[in-house]
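A.B. asks: Below are the sequence and a predicted model; questions follow.
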Amino acid sequence: MAFGELVGRHSTVAFRAAYLVLRDKDQAADAAQEAFINVHRALHRFRPDEPFVPWLLTIVGNRARNHRRAQWRRTAVWRRAAAAVDASDRTARSVPSPEADVVAAERRSVVLAAVNDLPPGDRIVLSCRYFSQLEESETAALLGVRPGTVKSRLSRARERLRSALEARGVTDA
Amino acid sequence: MPERRTLDDATLDRLLFDAAETVPWPATPVLDGRPPSRRPRTAWRAAVAAVVTLLVAAGVVGAAGALGIGPLRILFEDSLPRVNVPDTPIGTRLALGLPSAIDDASMRVTVVVPEQLRPPDEVYRSDDGWRASLVWAPRDGLPASGSSGIGLLAMFLAGHLDPGLVDKIVIESRVTIEDVTVRGQPGFWISGEPHVLKYLAGGTTGAERTRLVGNALVWEEDGIVIRLESGLGRDETVALAETMGAP
């Protein structure tokens, strides 16, 4: 497969994975682009019998974390810098409600808002699993942790979300 | 009073997968991911076989960036602008702006100079005074920079303009960016092949100018991005920066 095709095929998964870590589309685009450059440079080390996506996400995760570290460093340096705008929080709370299914749309909105309000570690692991639909191994690669850690974090995050949703009146009914 | 039903696992899964359909993902940008070009290089000045484009938009205070200091942001790209380097006086050739003086009242950034190099040989400022450039000719202990022929160029950029502007450094191969500490502040040492420096002056991209530059030390101090370009190595440049004070 040509490298350009490889990039085209995996752009969305790489970008969204970076976005989950960084929550900033510009930085996510940078991280994803850098990841593909690194992928190209390291292609000779990639074993064709291994799945590509976890390998890609390992690199995306590294790049995204580098961006985040740089962001923290800048924040320390630039105390007067404006607080980062959390676009996803804002948009999650303003998900439009189709007239045909207002209740369902509202429920989705509540779920998204509840996920967004979780601690970052919970939020990202849930987002990887349910919103990006990454496999456990892919999430582990992105986050730089072992699959077993993903499993335990996911379990913990689900419990917190369950409590949060119940507190917001979401039930089985 | 009936016991309140809780969310079982299946319902929780269903709610999350259902909500996934409405996640407001930003549109995936076009990622080329292409490697640095291996095309043959012609004259480096014209072909801009350059490696780094540095786009400085003074004033992007606290803007998010891939790698950056204050108004300076680094992005990775694979295409670079063409640069024409006219054979004209240094200020024009290096796109430094208007000839000025160290005590020019219209210069709105505070400049500092290395202790052993005061005063500078030439001073330039941008039209609006928010960018100042001090130039020293080569001399003992200050070799000529391979890309510009100058001994030392110190550039000062204030962060005060439209925060919507974005700075970027376009990086190809053969340029390295190292984290350094300069005068107690985090900075970058950019070394390798000549790169491209662009300014977004006056808050408009139309005002940008481009030139080739060599190894550079960049850091931020009191709201000013300071950039030193010379033929010196990293440690020597950092040491020079440590001596900087009032002109």
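C.D. replies: That came through, no problem. Predicted model only: the values in this text are computed from it and were never measured.

A.B. asks: so what's the spatially most central residue of chain A closest to, chain neighbours aside?
C.D. replies: Nearest to the geometric centre of chain A sits A:Leu20, at 2.1 Å (Cα atoms, centre = their mean). Excluding the flanking residues, the one nearest A:Leu20 by Cβ to Cβ, 6 or more residues apart in numbering or on different chains is A:Ser127, at 4.9 Å. For glycine as for every other residue, the C-beta is placed from the backbone atoms N, C-alpha and C.

A.B. asks: wait, doesn't the residue nearest to the centre of chain A sit right on A:Ile124?
C.D. replies: Yes - counting by Cβ atoms under 8 Å, A:Leu20 touches A:Ile124, with 5.3 Å between them.

A.B. asks: And the closest residue to B:Trp25 other than its chain neighbours, how far from A:Pro119?
C.D. replies: Nearest residue to B:Trp25, sequence neighbours excluded (Cβ to Cβ, 6+ apart): A:Arg16, at 6.0 Å. Taking Cβ to Cβ, to the nearest Å as the measure, A:Arg16 falls 20 Å from A:Pro119.

A.B. asks: and the two? which has more neighbours close in?
C.D. replies: More neighbours surround A:Arg16 than the other of A:Arg16 and A:Pro119, with 21 against 10 (other Cβ atoms under 10 Å in any protein chain shown).

A.B. asks: Please settle this for me: is that one part of a strand?
C.D. replies: No - counting by DSSP: H, G, I helix; E, B strand; the rest coil, A:Arg16 is located in no strand; its state is helix.

A.B. asks: how much space between it and A:Gly8?
C.D. replies: Distance from A:Arg16 to A:Gly8, counting by Cβ to Cβ: 15 Å.

A.B. asks: quick one on the thing from earlier: that's a helix at the residue nearest to A:Leu20, yeah?
C.D. replies: Yes - applying three-state DSSP, one finds A:Ser127 inside a helix.

A.B. asks: in stretch A:33-43, what's buried?
C.D. replies: For stretch A:33-43, burial by neighbour count (16 or more other Cβ atoms under 10 Å in any protein chain shown) applies to A:Gln33, A:Glu34, A:Ala35, A:Phe36, A:Ile37, A:Asn38, A:Val39, A:His40.

A.B. asks: ok, the helix or strand containing the first one near chain B or not?
C.D. replies: Under the criterion of DSSP states H and E, A:Gln33 resides in helix A:25-42. Yes - with Cβ under 8 Å from any Cβ of the partner chain as the threshold, helix A:25-42 lies in contact with chain B, specifically through A:25-34, A:36-37, A:39-41.

A.B. asks: what's that helix packed up against?
C.D. replies: helix A:3-22, helix A:52-77 (3 or more Cβ pairs under 8 Å, 6 or more residues apart in numbering or on different chains; DSSP states H and E).

A.B. asks: wait, which of those helices is closest to B:Thr11?
C.D. replies: helix A:3-22 (23.7 Å; Cβ to Cβ).

A.B. asks: Return the angle between stretch directions for the closest one and helix A:25-42.
C.D. replies: Angle of helix A:3-22 versus helix A:25-42, following axes from the mean of the first three to the mean of the last three Cα atoms, to 10 degrees, is 130 degrees.

A.B. asks: Go through helix A:3-22 and flag the buried ones.
C.D. replies: For helix A:3-22, a neighbour-count test (16+ other Cβ under 10 Å) marks A:6-7, A:10-22 as buried.

A.B. asks: just stretch A:123-137 next, same as before
C.D. replies: Quick answer for stretch A:123-137 (16+ other Cβ under 10 Å): A:123-132, A:134-136.

A.B. asks: ok, now stretch A:165-173?
C.D. replies: Applying a neighbour-count criterion of 16+ other Cβ under 10 Å, one finds A:Leu165, A:Glu166, A:Val170 buried in stretch A:165-173.

A.B. asks: Out of those residues, which one has the weakest pLDDT?
C.D. replies: Here the lowest pLDDT out of these sits on A:Val170, with 82.

A.B. asks: in a strand, that's where that one is, yeah?
C.D. replies: No - going by three-state DSSP, the assignment for A:Val170 is coil, not a strand.

A.B. asks: Now do it against B:Ala132, distance only.
C.D. replies: A:Val170 sits at a distance of 59 Å from B:Ala132 (criterion: Cβ to Cβ).

A.B. asks: just B:Phe188 next, same as before
C.D. replies: The gap separating B:Phe188 from B:Ala132 is 20 Å, by Cβ to Cβ.

A.B. asks: Of those two, give the one with the bigger neighbour count.
C.D. replies: Using other Cβ under 10 Å as the criterion, B:Phe188 and B:Ala132 rank with B:Ala132 on top: 26 against 22.

A.B. asks: Tell me which residues touch that one, please.
C.D. replies: Going by Cβ atoms under 8 Å, 6 or more residues apart in numbering or on different chains, B:Ala132 touches B:Ser100, B:Met107, B:Val109, B:Val111, B:Val123, B:Tyr124, B:Arg125, B:Ser126, B:Met155, B:Phe156.

A.B. asks: swap the cut-off to 7 Å and go again
C.D. replies: B:Met107, B:Val109, B:Val111, B:Arg125, B:Phe156 (Cβ atoms under 7 Å, 6 or more residues apart in numbering or on different chains).

A.B. asks: follow-up on the earlier one: looking at it, the residue nearest to the centre of chain A is touching A:Val125, isn't it?
C.D. replies: No - taking contacts as Cβ atoms under 7 Å, A:Leu20 lies outside contact range of A:Val125: 9.4 Å.
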